[in-house]
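Novice: below are the sequence and a predicted model; questions follow.
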Amino acid sequence: MSEKAMCSNCKASVMIYDDAERKWKSAGRTPGLSNVNVYRHMVQNTFRVVGRKEQDGEVVINCAVISQLKYNRATPTFHQWRDGVRTVYGLNFSTHDEANMFAGAMEDALEML
Ligand SMILES: CC[C@@H]1C=C[C@H]2CCN(C(=O)[C@@H]3CC[C@H]4C=C[C@]5(CCCN5C(=O)[C@H](Cc5ccccc5Cl)NC(C)=O)C(=O)N43)[C@@H]2C(=O)N1CC(=O)O
């Protein structure tokens, strides 16, 4: 397996900011919790965030982690970042612990880039 999970079992509601309407929308077909993870490609040394809905496995986020990424812990359980282009992602975590675990994986990835 060429990709390694950097954190285990973080649950969050994955949101995307709708600039036009100036409000957060749930990523994917329906609102709900997703398993979110940061994956490290062990050969290319690249990283990406993947989130799959708990209910049906729908992939609701698949976002490259680029070195310029600014990861913002807006609140202890709501973290956000911009992808390189124009999408603002928000993760509304179930618990502080999961938020800290995910943020730690993200910050580790950014240090390795
Ligand atoms: C799921 C509901 C959600 C839960 C939690 C709170 C937390 C604050 N919050 C927000 O949306 C805050 C309030 C102001 C608004 C204005 C603009 C936004 C939206 C788009 C990005 N942004 C930036 O402030 C970016 C962030 C950034 C900094 C640094 C690096 C990267 C980034 Cl992305 N700053 C720049 C300078 O771009 C924003 O996050 N905003 C959330 C929120 O109210 N709710 C409740 C609801 O919406 O009902």
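Specialist: Structure received. Just so it is clear, the structure is predicted and the values come from calculations on it, not from any experiment.
Novice: where do the strands sit along this protein?
Specialist: Here the chain has its strands, by DSSP state E, at 3-5, 10-18, 23-26, 33-41, 46-53, 59-64, 72-75, 78-82, 88-93.
Novice: how about TSV for those, with mean neighbour count and distance to the ligand added?
Specialist: For glycine as for every other residue, the C-beta is placed from the backbone atoms N, C-alpha and C. Formatted as TSV, the strands of the chain follow (neighbours: other Cβ atoms under 10 Å; distance: least, Cβ to the nearest ligand atom, whole Å):
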stretch	mean neighbour count	distance to the ligand
strand 3-5	14	24
strand 10-18	20	4
strand 23-26	14	4
strand 33-41	20	13
strand 46-53	20	14
strand 59-64	16	13
strand 72-75	12	4
strand 78-82	18	4
strand 88-93	21	4
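Novice: contact partners for residue 44?
Specialist: Residue 44 is in contact with no residue at all, counting by Cβ atoms under 8 Å, 6 or more residues apart in numbering.
Novice: make it 10 Å
Specialist: 2, 3 (Cβ atoms under 10 Å, 6 or more residues apart in numbering).
Novice: what about it, distance to residue 113?
Specialist: 11 Å (Cβ to Cβ, to the nearest Å).
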